[in-house]
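Colleague: Compute the structure for the input listed below.
(one chain, ligands or ions: 1)
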Amino acid sequence: MNEPILEVNHLKKYFKVGRKAELKAVDDVSFAIRSGETLGLVGESGCGKTTCGRTCIGMYEKTGGSVLYKGKDVHVEKKQHPLALSKDVQMIFQDPYASLNPRMTVGDIIAEGIDVHGLAANSKDRKEQIMELLNLVGLNKEHANRFAHEFSGGQRQRIGIARALAVDPRFILCDEPISALDVSIQAQIVNLLVKLQRERGLTYLFIAHDLSMVKHISHRVGVMYLGALAEIGPSRELYRKPLHPYTQALLSAVPVADPKVEKSREIIVLDGEVPSPINPPEGCRFRDRCKLAMPICSEITPKLKEVAPDHSVACHLYN
Ligand code: SF4
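Modeller: Okay, the predicted model is just below:
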């Protein structure tokens, strides 16, 4: 098993709201990502997964805890060696429409990292690198002189991927890269990311709210609820036998390809709304919506506990 490349320890990210209140977007989250693997991070919108991802790569200051990338504190590196960090750690954005500069040609967008890091020996080398990257993501060399608005959503996301790959990174935060795309295009982008990972030994933190796509790309999956991890485990095991009542509810809503299984699928409907992260419930954050809640659930916050190899859950049912 590979060594962790990213270690997240008791990470907290709070935002000030008004004069006194704090929005606890990420509250005591710990996990590790091994070199060459994909960790999928899922949950409903507003659960803190994007904030968690962005804090992990130093885009946001942390409120507490630590994030180590290759053993070094990301938030220290971000201040002291920002170029070195951005050479290794890149991001693919959710919105391929908004994340590409409409005034720049596709070639110049892709070459931004090459220019910043001085990775091209001369303009011929720069051009060759752009062509190679376009080819790598399934675009062609004629695309280099065009502008982002001339492309479809899927093609724009391919440009975003080429831009991220231009500096030959080791780790990529994929921040809901397929959410804005048509379902038919989503699979193409996921397949491209899987292929690139295999060819280049990339490590991904893949954030999404669509559980069916996450299953295909992730080696392990973490489920977030209201700023905290409810469950984390190997993808196949978590999908086959989810342990946390929240994971069970989320997965019950995912359609199954097998018509027999699909017919017998029972959807678990969650009552109520997600509580406010400004004032999360005492004890288990999920207790107001959990049909299995017990008295202890309102008194003690369940800690993430390993209940099977590499599979941890934060729920008193497993104490
Ligand atoms: Fe439900 Fe209690 Fe488990 Fe929370 S700790 S998920 S309320 S059973």
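Colleague: From here on, just use CA atoms for contacts and neighbour counts.
Modeller: Fine.
Colleague: Quick check: chain neighbours aside, which residue is closest to residue 95?
Modeller: Spatial nearest neighbour of residue 95, excluding adjacent residues (CA to CA, 6 or more residues apart in numbering): residue 180 at 6.2 Å.
Colleague: Now do the contacts for the one you found.
Modeller: 94-96, 153 (CA atoms under 8 Å, 6 or more residues apart in numbering).
Colleague: for residue 210, same thing?
Modeller: Per CA under 8 Å, 6+ apart, neighbours of residue 210: 42, 179.
Colleague: Could you list the contact residues of this protein toward the ligand?
Modeller: When proximity is defined as CA under 6 Å from any ligand atom, the chain approaches the ligand at 244-245, 284, 286-287, 290, 292-294, 297, 302, 315-317.
Colleague: Can you tell me how far the residue nearest to the spatial centre of the chain is from residue 136?
Modeller: When CA atoms, centre = their mean is applied to the chain, the residue found nearest the centroid is residue 207 (2.4 Å). Residue 207 sits 23 Å away from residue 136, taking CA to CA, to the nearest Å as the criterion.
Colleague: ditto for residue 120
Modeller: Counting by CA to CA, the gap from residue 120 to residue 136 is 18 Å.
Colleague: again, but for residue 128
Modeller: 12 Å.
Colleague: The strand or helix carrying residue 50 - what's its average pLDDT?
Modeller: Assigned by DSSP states H and E, residue 50 belongs to helix 49-56. On average, the pLDDT along helix 49-56 is 97.
Colleague: got the contact list for it?
Modeller: Helix 49-56 has contacts (CA under 8 Å, 6+ apart) with 8, 13, 25-26, 41-43, 60-62, 67, 74, 173, 175, 205, 207, 224, 227.
Colleague: likewise stretch 23-37?
Modeller: So stretch 23-37 is contacted by 2-17, 39, 47-49, 51-52, 65, 197, 201-205, 218-219, 226-229, 277-279 (CA under 8 Å, 6+ apart).
Colleague: Name the spans of the protein whose pLDDT lies under the cut-off.
Modeller: For the chain, applying pLDDT under 70 flags the ranges 1.
Colleague: At which residues are the helices of it located?
Modeller: 49-56, 74-80, 82-88, 106-116, 123-136, 153-165, 183-200, 211-217, 235-240, 245-252, 259-264 (DSSP state H).
Colleague: As TSV, those with mean neighbour count would be great.
Modeller: TSV is the format used below for the helices of the chain (neighbours: other CA atoms under 10 Å):
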stretch	mean neighbour count
helix 49-56	23
helix 74-80	17
helix 82-88	16
helix 106-116	21
helix 123-136	17
helix 153-165	25
helix 183-200	15
helix 211-217	18
helix 235-240	17
helix 245-252	20
helix 259-264	10
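Colleague: how about those helices in JSON lines, adding distance to residue 35?
Modeller: Conversion of the helices of the chain to JSON lines gives the following (distance: least, CA to CA, whole Å):
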{"stretch": "helix 49-56", "distance to residue 35": "15"}
{"stretch": "helix 74-80", "distance to residue 35": "16"}
{"stretch": "helix 82-88", "distance to residue 35": "13"}
{"stretch": "helix 106-116", "distance to residue 35": "23"}
{"stretch": "helix 123-136", "distance to residue 35": "22"}
{"stretch": "helix 153-165", "distance to residue 35": "17"}
{"stretch": "helix 183-200", "distance to residue 35": "11"}
{"stretch": "helix 211-217", "distance to residue 35": "15"}
{"stretch": "helix 235-240", "distance to residue 35": "16"}
{"stretch": "helix 245-252", "distance to residue 35": "26"}
{"stretch": "helix 259-264", "distance to residue 35": "35"}
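Colleague: out of the ones you listed, nearest to residue 146?
Modeller: helix 106-116 (5.9 Å; CA to CA).
Colleague: Point me to the residue of the stretch 151-300 of the chain nearest the ligand.
Modeller: Residue of the stretch 151-300 of the chain nearest the ligand, by CA to the nearest ligand atom: residue 287 (3.5 Å).
Colleague: In this structure residue 177 contacts residue 99, no?
Modeller: No. In this structure, residue 177 is not within contact of residue 99 by CA atoms under 8 Å, at 11.0 Å.
Colleague: These two: which is more packed in?
Modeller: Remark: of residue 177 and residue 99, residue 177 carries more neighbours, 24 against 14, as counted by other CA atoms under 10 Å.
Colleague: show me the contacts for that one.
Modeller: Neighbours of residue 177 in contact, by CA under 8 Å, 6+ apart: 92-96, 157, 207-208.
Colleague: Likewise for residue 96?
Modeller: Contacts for residue 96 (CA under 8 Å, 6+ apart) come out as 153, 156-157, 160, 177, 180.
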